[in-house]
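> Got a predicted structure plus its sequence, pasted below:
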Amino acid sequence: MISTMSTPASAASTASSSRTLSQTLAAFAHSLEPDDIPHRVRVRAKHLILDTIGIALASHRNEFASVILRGINALGESGTTPVIGCGDTHTVRNAVLLNAALMHGLDYDDTHMKGIVHASAFCAPTALAVAHETGASGRAALAAYVVGMEVATRLGAAAKGGFHRAGYHPTGVLSHFSAALIAGRLYRLDTAQLAAAQGIAASTASGVQVFLEEGTWSKRLHPGWGGVGGITAARLAQAGFVAPSRPYEGRYGLFDSHLQQHAGDVDYLMARAGLGEIWETEQMAIKPYPVCHFLHSIAEAGAALARDASIDPQRISRIRALLPQPVMPIVTEPLDAKRCPRTNYEAKFSAQYVAAASLVRGRFGLAELEPDALADPRILALSARVECVADTDSAFPAFYSGGIIVDTDDGRQHRRYYRINKGAGERALSNEEIVAKYFDNACWSVSRARAEQIRNAVLSLDEMSAAELWAVLRAG
């Protein structure tokens, strides 16, 4: 625990109505005891962290990982904080930037459905790095991680999809606030300082979605920049920096400035609701496919049709992809780029490509994002013919519904539709399935024996120090 005085989590929720939102979240972050977190939530949290670490290990096979590492090394800054899967050490902020990019770089990390935020990609690297810096226990790191998860998911849900509509990536925005509270808790800030850290973070919170135009790499940096901003904000608040007291609800605060005409839709009660009683960490959806979460039902539908209907792509006369209407600008436009993605990152956000590749190959995994798949003439020919249609029965935003309708030249029609995307809600992946996904990812870069060693360490996080965990994670 961080302080000798504490307030029960439920009491923090009850008393929050008279506080600003930043004060409410600060009180929660300061008062939460590790034992206040139910055992099942702690177990799930460790599996969420394991999922992101598996992704980070797999990311080392990709060009972006070495490019980011070279760029950070060129800064010439030395430090002692490790990087997952290699022997390098950096300043705590640079290490968070690198680790977060590895965790988010494959777009395979978890998502909170209502918040539309990839929370583990900034909560895990921030909590683990600052815990290493401060000599904290794994138990303390895990509690700080959960604090960050609970805050980011509620802030995202309160916006009701407004960040995306305004052109912002919620992960790039909300990561700054969660990271400020994670770092602040581990740096032992008091409640006033934790509130101030959020006020400071409001001036760095950003993350525009311009990467969608060309499938570029900038989104990979969003969660890490949030970690950098949050750690900086926490240290400044600790030093006494004077900060805005209403970073969320104030005039020109987060929601007013970022959401613009959508600011009136914000539900501030959702940002406070159930703190310490209802655990949104349990509601994180694990991705079974390494693409934008909005496309998961498309990927599943295509693979199912290929498997069950044995459809010959050359005999398809018409193909329609059903999607939630609000997400269509993100994953269906601009049309030419979506039909023929130039990079694997562009492909991850193309409904046309994902539909075609899953039908042609009967699956959608990391292999479907390799150069041979992006150049496959069968996939590209079908991708050019995919019609994207707004799904009038969608359960969005609670779930990312979707499906595919295929007409073949023999007059038959084949349809697969999923109201609840795999990995979410009643279709959530079990802890055992998360472990299986972890091994699939980790073993792209390390041996099975190394992957098992890492799994055992992560799932024992609350029984060791952060330094002991990093001794396992940093080895190549």
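Sure, I can see it.

> so what are the domain limits for this structure?
Per automatic domain parsing, the domain ranges recorded for the chain read 9-286+453-473, 293-418.

> got the contact list for the residue positioned nearest the centre of the chain?
The centroid of the chain falls nearest to His118 when counting by Cα atoms, centre = their mean (1.7 Å). Residues in contact with His118 (Cβ atoms under 8 Å, 6 or more residues apart in numbering) are His104, Asp109, Asp110, Thr111, Thr171, Pro223. Where you see a C-beta, it was placed from the backbone N, CA and C, and this is true even at glycine.

> next one: phi and psi at it?
With angles defined as degrees, to the nearest 10, His118 sits at phi -90, psi 80.

> One more: Leu366?
Dihedral angles (degrees, to the nearest 10) for Leu366: phi -60, psi -30.

> show me where the chain has strands.
Using DSSP state E, the strands of the chain run over residues 81-83, 86-90, 111-112, 284-285, 316-323, 386-390, 402-408, 413-418.

> can you count the residues close to the closest residue to the residue nearest to the centre of the chain other than its chain neighbours?
Leaving aside its chain neighbours, His118 sits nearest to Thr171 (4.5 Å; criterion: Cβ to Cβ, 6 or more residues apart in numbering). Using other Cβ atoms under 10 Å, Thr171 is surrounded by 28 other residues.

> quick one: contacts for Thr171?
Here Thr171 is in contact with His104, Val117, His118, Ala119, Ala121, Phe122, Gly207, His222, Pro223, Gly226 (Cβ under 8 Å, 6+ apart).

> Could you identify the buried members of these?
In the contacts of Thr171, burial by neighbour count holds for His104, Val117, His118, Ala119, Ala121, Phe122, Gly207, His222, Pro223, Gly226, counting by 16 or more other Cβ atoms under 10 Å.

> if I pick Ala101, what's in contact with it?
Ala101 neighbours (Cβ under 8 Å, 6+ apart): Ser59, Phe64, Ala65, Ile68, Arg220, Leu221, Pro223, Gly224.

> now the closest residue to Ala195 other than its chain neighbours: how far from Ala192?
Leaving aside its chain neighbours, Ala195 sits nearest to Ala26 (4.1 Å; criterion: Cβ to Cβ, 6+ apart). Counting by Cβ to Cβ, to the nearest Å, the gap from Ala26 to Ala192 is 8 Å.

> go on, Asp36?
Asp36 sits 21 Å away from Ala192, taking Cβ to Cβ as the criterion.

> Touching, Ala351 and Leu323? I think so.
Yes: counting by Cβ atoms under 8 Å, Ala351 touches Leu323, with 6.0 Å between them.

> before we move on, back to that, what about the buried ones among the contacts of Thr171, which are in helices?
His104, Ala121, Phe122, His222, Pro223, Gly226 (DSSP state H).

> For this protein, give me the ranges with low pLDDT.
1-17, 476 (pLDDT under 70).

> most distant residue from the middle of it?
Furthest out from the centre of the chain (Cα atoms, centre = their mean) sits Asp410, at 42.7 Å.

> ok, now which ones touch the residue nearest to that one when sequence neighbours are not counted?
Of all residues not flanking Asp410 in the chain, Arg315 sits nearest, at 7.1 Å (Cβ to Cβ, 6+ apart). Arg315 sits next to Thr408, Asp409, Asp410 when contact means Cβ under 8 Å, 6+ apart.

> how far away is the second one from Ile311?
Counting by Cβ to Cβ, the separation of Asp409 from Ile311 is 11 Å.

> any idea how far stretch 27-35 is from the chain center?
What separates the centre of stretch 27-35 from the centre of its chain is 23 Å, taken as Cα atoms, centre = their mean, to the nearest Å.

> That should have said stretch 367-385, apologies.
From the chain centre to the centre of stretch 367-385 is a distance of 26 Å (Cα atoms, centre = their mean).

> buried stuff in that stretch?
Buried residues in stretch 367-385, counted by 16+ other Cβ under 10 Å: Glu368, Leu369, Ala373, Leu374, Asp376, Ile379, Leu380, Leu382, Ser383, Arg385.

> Pick out the most distant pair among the residues you listed.
Using Cβ to Cβ, these span at most 20.8 Å, a distance reached by Leu369 and Arg385.

> of Ala26 and Ala192, who's got more company?
Neighbours per residue (other Cβ under 10 Å) separate Ala26 from Ala192, with Ala26 holding more: 29 against 14.

> Pull the contacting residues for that one.
The contact partners of Ala26, by Cβ under 8 Å, 6+ apart, come to Leu181, Thr191, Ala192, Leu194, Ala195, Ala197, Gln198.

> Of those residues, grab the buried ones for PyMOL.
The buried subset of those, as determined by 16+ other Cβ under 10 Å, is captured in PyMOL by this line:
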select buried, resi 181+191+194+195+197+198
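
> quick check, nearest of the contacts of Ala26 to Gly250?
Nearest to Gly250 among the contacts of Ala26, with distances taken as Cβ to Cβ, is Gln198, at 11.4 Å.

> before we move on, back to that, looking at the ones in helices among the buried ones among the contacts of Thr171, which two lie furthest apart in space?
Maximum distance among these (Cβ to Cβ): 10.4 Å, for His104 and Gly226.

> follow-up on the earlier one: please determine how far the residue nearest to His118 is located from Glu282.
In terms of Cβ to Cβ, Thr171 sits 19 Å off from Glu282.

> that older thread, and the buried ones among the contacts of Thr171, which two are the farthest apart?
Using Cβ to Cβ, those reach their maximum pairwise distance at Ala119 and Gly207, which is 13.7 Å.

> Adding mean neighbour count, write the strands of the chain out as a markdown table.
Converted to a markdown table, the strands of the chain look like this (neighbours: other Cβ atoms under 10 Å):
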| stretch | mean neighbour count |
| --- | --- |
| strand 81-83 | 24 |
| strand 86-90 | 16 |
| strand 111-112 | 28 |
| strand 284-285 | 24 |
| strand 316-323 | 21 |
| strand 386-390 | 18 |
| strand 402-408 | 23 |
| strand 413-418 | 17 |
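
> For Thr332, find the nearest of those strands.
strand 386-390 (4.2 Å).

> Can you list the helices and strands that the closest one packs against?
strand 316-323, helix 328-332, helix 351-361 (3 or more Cβ pairs under 8 Å, 6 or more residues apart in numbering; DSSP states H and E).

> tell me what the last one is packed against?
The reference is to helix 351-361. So helix 351-361, by 3+ Cβ pairs under 8 Å, 6+ apart, packs with helix 296-308, strand 316-323, helix 328-332, helix 335-339, helix 344-348, helix 377-383, strand 386-390, strand 402-408.

> Work out the gap between it and the centre of the chain.
Centroid separation for helix 351-361 versus its chain: 23 Å, with Cα atoms, centre = their mean.

> Helix 296-308 and that helix, what's the angle between them?
Between helix 351-361 and helix 296-308, the angle comes out at 20 degrees (axes from the mean of the first three to the mean of the last three Cα atoms, to 10 degrees).

> orientation of helix 351-361 relative to strand 413-418 in degrees?
Here the directions of helix 351-361 and strand 413-418 differ by 110 degrees (the same axes, to 10 degrees).

> Could you write out the alpha-carbon coordinates of helix 351-361 in CSV?
The C-alpha trace of helix 351-361 is given here as CSV (Å, rounded to 0.1, in the frame of the first residue of the first chain):
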residue,chain,number,x,y,z
ALA,A,351,-12.5,-4.4,-44.0
GLN,A,352,-12.1,-5.3,-47.7
TYR,A,353,-8.7,-6.9,-47.2
VAL,A,354,-9.7,-8.8,-44.0
ALA,A,355,-12.8,-10.1,-45.6
ALA,A,356,-11.0,-11.3,-48.7
ALA,A,357,-8.0,-12.8,-47.0
SER,A,358,-10.1,-14.7,-44.4
LEU,A,359,-12.2,-16.2,-47.2
VAL,A,360,-9.2,-17.1,-49.4
ARG,A,361,-7.0,-18.5,-46.7
